[in-house]
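Participant: I would like the atomic coordinates for the input below:
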Amino acid sequence: MTFDECVALDPKIGDLKREMQAIRNEEGYCADETWYRLFKPRVVDLVGFSRLELGETRHPETKGARSIGQLMKEHLKELTERQRRVELGELHPVWELRSTQAYDAVYRRLYNLLPDCNHAEHDCR
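Facilitator: Prediction:
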């Protein structure tokens, strides 16, 4: 799977690319810090095993302490509801974007868009 194929399946990947192309190498800039703090968490939401589909959230709101049994029951209910929405055509999961090939293609292309570091502390890139 190529980067362009991934963008065709989810235009948000292309939006992320344009955002990253606007980054400038200013004094003190660190490519790795920018990648790992700002962009990689968003890439993980778009491609690979952890891809989020419409309506999913990475960190569900917790409402007080619950037992593991309660959490499992809630998770099963969520999965059942998601499947129902897929069958009704409300959700359109793009399974190809959950592949390691998609993750690798997007990760490589986007990471390589970042300008080199411009800081004196260490040479990370």
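Participant: distance of E74 from T80?
Facilitator: With the distance defined as CB to CB, to the nearest Å, E74 ends up 11 Å from T80. The C-beta positions use only the backbone N, C-alpha and C, and glycine is treated the same way.
Participant: Repeat that for D10.
Facilitator: Where T80 is concerned, D10 sits at a distance of 25 Å (CB to CB).
Participant: can you pull the pLDDT of the nearest residue to C30 once chain neighbours are set aside?
Facilitator: Once flanking residues are discounted, C30 sits nearest to C117: 5.1 Å by CB to CB, 6 or more residues apart in numbering. You'll see C117 listed with a pLDDT of 86.
Participant: One more: R42?
Facilitator: 91.
Participant: burial count for it?
Facilitator: R42 has 14 neighbours, counted by other CB atoms under 10 Å.
Participant: residue contacts, it?
Facilitator: Applying CB atoms under 8 Å, 6 or more residues apart in numbering, we find R42 in contact with L16.
Participant: Neighbours of Y103, how many?
Facilitator: Neighbours of Y103 (other CB under 10 Å): 21.
Participant: repeat for the one 5 residues further on
Facilitator: Using other CB under 10 Å, R108 has 11 other residues around it.
Participant: Also E5?
Facilitator: E5 has 13 neighbours, counted by other CB under 10 Å.
Participant: Please report phi then psi for it.
Facilitator: phi -70, psi -40 (degrees, to the nearest 10).
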